[in-house]
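**Q** the sequence isn't on hand, but the structure is:
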């Protein structure tokens, strides 16, 4: 697989991986920038360790999260680049809608 | 639904709901502000065809399916964003859904637009979008450089 083909595949997987509200909430907790353990990620939530582990593996597989060995424990950290790529695509669509709605406003308010 | 699955916009328009509805659902008026030349009126449940009229993209096809038309309240269609290759068949891809919701407010109309379903777009199609964007920026930089060189 060429580099660009691999990158495209990863990008598609990122969108799919993010299409789950629980996984998004896990990502939200990691977005503070501090690597966190599974125990820490379950604190104050109704999620079981098993559920969090499952979601982290999905996120790790698509490269949005990476694991770091710390003594006897694994810590998990956010990997921003794949998220940045997904965000850039939507930002472009968003900008195009801003342009279109600006034209609509001019059209109906004349 | 996740933040990366959808785009949400809202805009206040100083125009009556009936006026905004006509701008959305009359195919000639829609075409004027959206920049698309449509082959015929929007019909509920049917395919809408035409081509983009945005300068530089006139070769791009428009294909959408009208999903909802609740007069002066809700209009939606599915389409394929960045369907940039006029010879390619995009019909097998899952389209995104664009929904317009109208609400009367004291100053006129509050229009909400949601485009959702980006999770289903194949990766290669997003690359096409990025390339178009990059090309646009490269062209703009070239224009600026030429403009500055003229005054140097």
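**A** Ah, there it is. What you see is a predicted model, and the numbers here were worked out from it, not measured in a lab.
**Q** helices of chain B, residue ranges please.
**A** B:17-25, B:27-34, B:123-151 (DSSP state H).
**Q** of those helices, which shows the lowest average pLDDT?
**A** Looking at the helices of chain B, the lowest mean pLDDT belongs to helix B:123-151 (a mean of 48).
**Q** tell me the contacts of residue A:51?
**A** residue A:22 (Cβ atoms under 8 Å, 6 or more residues apart in numbering or on different chains). Every C-beta, even on glycine, is put in place using the N, C-alpha and C of the backbone.
**Q** what element comes up after the helix or strand harbouring residue A:41 heading to the C-terminus?
**A** Using DSSP states H and E, the element containing residue A:41 is helix A:38-42. Later in the chain than helix A:38-42, the nearest helix or strand by DSSP H and E is helix A:49-61.
**Q** now that next one: buried residues?
**A** A:52, A:55, A:56, A:58, A:59, A:60 (16 or more other Cβ atoms under 10 Å in any protein chain shown).
**Q** same question for stretch B:50-58.
**A** Buried-residue list, stretch B:50-58, by 16+ other Cβ under 10 Å: B:50, B:51, B:52, B:53.
**Q** you'd agree the second one is up against residue B:35?
**A** The one in question is residue B:51. No - the pair formed by residue B:51 and residue B:35 falls short of the contact definition of Cβ atoms under 8 Å, at 10.2 Å.
**Q** check which element follows the one helix or strand in chain A whose mean pLDDT sits lowest along the chain.
**A** Least confident helix or strand of chain A, by mean pLDDT, DSSP states H and E, is helix A:3-18 with a mean of 57. Downstream of helix A:3-18, the next assigned helix or strand under DSSP H and E is helix A:21-30.
**Q** helices or strands up against that next one?
**A** Packing partners of helix A:21-30 (3 or more Cβ pairs under 8 Å, 6 or more residues apart in numbering or on different chains; DSSP states H and E): helix A:3-18, helix A:38-42, helix A:49-61, strand A:73-78.
**Q** now do that helix: everything it contacts.
**A** With Cβ under 8 Å, 6+ apart as the criterion, helix A:21-30 contacts A:17-18, A:36, A:40-41, A:45, A:47, A:51-52, A:55-56, A:58-59, A:64-65, A:76-78, A:83, B:1-3.
**Q** what's the average pLDDT for it?
**A** pLDDT averaged over helix A:21-30 gives 82.
**Q** how far off helix A:49-61 does that helix point, in degrees?
**A** In terms of direction (axes from the mean of the first three to the mean of the last three Cα atoms, to 10 degrees), helix A:21-30 departs from helix A:49-61 by 80 degrees.
**Q** helices or strands next to the longest helix along chain A in the packing?
**A** Selection of the longest helix in chain A by residue count, based on DSSP H, yields helix A:80-109. If you count contacts as 3+ Cβ pairs under 8 Å, 6+ apart, helix A:80-109 packs onto helix A:3-18, strand B:6-13, helix B:17-25, helix B:27-34, strand B:108-116, helix B:123-151.
**Q** thanks a lot, see you next time.
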